[in-house]
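Chemist: requesting a structural model of the entry that follows:
(2 chains)
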Amino acid sequence: MTARIRITRVIAADEVVGFVEPAMRRLLNAMHRRAQRAVPKRTFNLHDTLETDLEVDGSRIVGTLAAGGKTAAAPRGAKYALFVEQGTSRMRAQPYLRPALLQSRSADLLFTGEPDRPRGGGS
Amino acid sequence: MTLIPNPELVAGAWLVQRVGFGVGQVATLLPKDVNAWRADGFVVVAALVGGSADIDTPERRQAVVQVDAYAAPASEGGGRPQWNLAAQLVERVRVATEGGQVYGQAVALSPLYGGARVLSVYLISEPRRVLDDVASFARFTVDLAIDWVRE
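Modeler: The predicted structure is shown next:
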């Protein structure tokens, strides 16, 4: 089951979208890196499923930070992504997506870094 | 030496003393003995999921904790999870955050710890039903922001 955090921004004028899109990309990169730092990394499989996506549809920009889906570095994905984030009755929660969002700062809009590279440790 | 409170302890104390849950009904882990809480359900301060530190007022702690409300099937042999019981528990938390009486309330921790004062408490998400629990428990989860200071 893929876990996702989605940020939707609706811009009043379409011509402003071009200015907002790079800022949204920088915010996603900052959140992506924070999630990589926070995610449990026993095998790095869940780490390698973290990915971001940015969709622009007219005046609407949707940024997504997701975990658990299949990626090149983690071809089998991680169906347990949400269980790690929220915990279960038998396993303690180890949140990594919500902290990445809740620690956002305005400086993230100027973030120039890139997410860490996948480790390819998962199977 | 007096120990220093932390957000999870303060949230647990607030749930007991201000929401009105039983002392044995709130913890940071779900007890293994289901029969001990089968009748009343159980509330777990599951994790610290966020918060922020203020450079100007470092004494003020702003934390976000995940609170889970669990209800087991009514009988030991199985049966349907008691979703309404779990929903009631989480709604009690919500009701306790309403109204001005929640602001600036002192909460007492164990005698080993210093006290804390909860400045404000509010939900930052709607309660969510969590399906697919491995033990077939009914579970609602909510993120609770809690601002507090040490006393």
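
Chemist: kindly report the residues of chain A close to chain B.
Modeler: Chain A comes close to chain B at residues A:1, A:86-90, A:92-95, A:98-99, A:101-103, as judged by Cβ under 8 Å from any Cβ of the partner chain. Every C-beta, even on glycine, is put in place using the N, C-alpha and C of the backbone.

Chemist: and A:G121, what's its pLDDT?
Modeler: The per-residue pLDDT reported for A:G121 equals 59.

Chemist: er, B:L9 actually
Modeler: Note on B:L9: pLDDT of 95.

Chemist: ditto for B:R38
Modeler: So, for B:R38, pLDDT stands at 93.

Chemist: buried ones from the residues of chain A next to chain B, can you make that a PyMOL selection?
Modeler: Buried members of these, defined by 16 or more other Cβ atoms under 10 Å in any protein chain shown, are picked up in PyMOL with:
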select buried, chain A and resi 86+87+88+89+93+95+98+99+101+102
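
Chemist: now the helices for the chain?
Modeler: Because you didn't say which chain, this covers chain A. According to DSSP state H, chain A carries its helices in the segments A:17-38, A:45-49, A:81-86, A:97-102.

Chemist: hm, I was asking about chain B
Modeler: Taking DSSP H as the criterion, chain B carries its helices at B:7-14, B:83-96.

Chemist: count the neighbours of A:P22 for me.
Modeler: 11 (other Cβ atoms under 10 Å in any protein chain shown).

Chemist: gap between it and A:P115?
Modeler: 16 Å (Cβ to Cβ, to the nearest Å).

Chemist: for B:V64, same thing?
Modeler: Applying Cβ to Cβ to B:V64 and A:P115 gives a distance of 24 Å.

Chemist: next one: A:L28
Modeler: Taking Cβ to Cβ, one finds A:L28 at 9 Å from A:P115.

Chemist: swap in A:L54?
Modeler: Distance from A:L54 to A:P115, by Cβ to Cβ: 13 Å.

Chemist: tell me the contacts of residue 104?
Modeler: No chain specified, so I'll use chain A. A:27, A:30-31 (Cβ atoms under 8 Å, 6 or more residues apart in numbering or on different chains).

Chemist: could you do chain B instead?
Modeler: B:117-119 are the contacts of B:G104 under Cβ under 8 Å, 6+ apart.

Chemist: what's the answer for B:A47, then?
Modeler: A:87, A:92-95, B:65-66.

Chemist: run the last query once more with 7 Å
Modeler: Counting by Cβ atoms under 7 Å, 6 or more residues apart in numbering or on different chains, B:A47 makes contact with A:87, A:93, A:95, B:65-66.

Chemist: cool, B:R94 as well?
Modeler: Going by Cβ under 7 Å, 6+ apart, the list of residues near B:R94 reads B:L123.

Chemist: also B:Y113?
Modeler: Contacts of B:Y113 by Cβ under 7 Å, 6+ apart are B:2-3, B:5, B:9.

Chemist: how near is it to B:D56?
Modeler: 26 Å.
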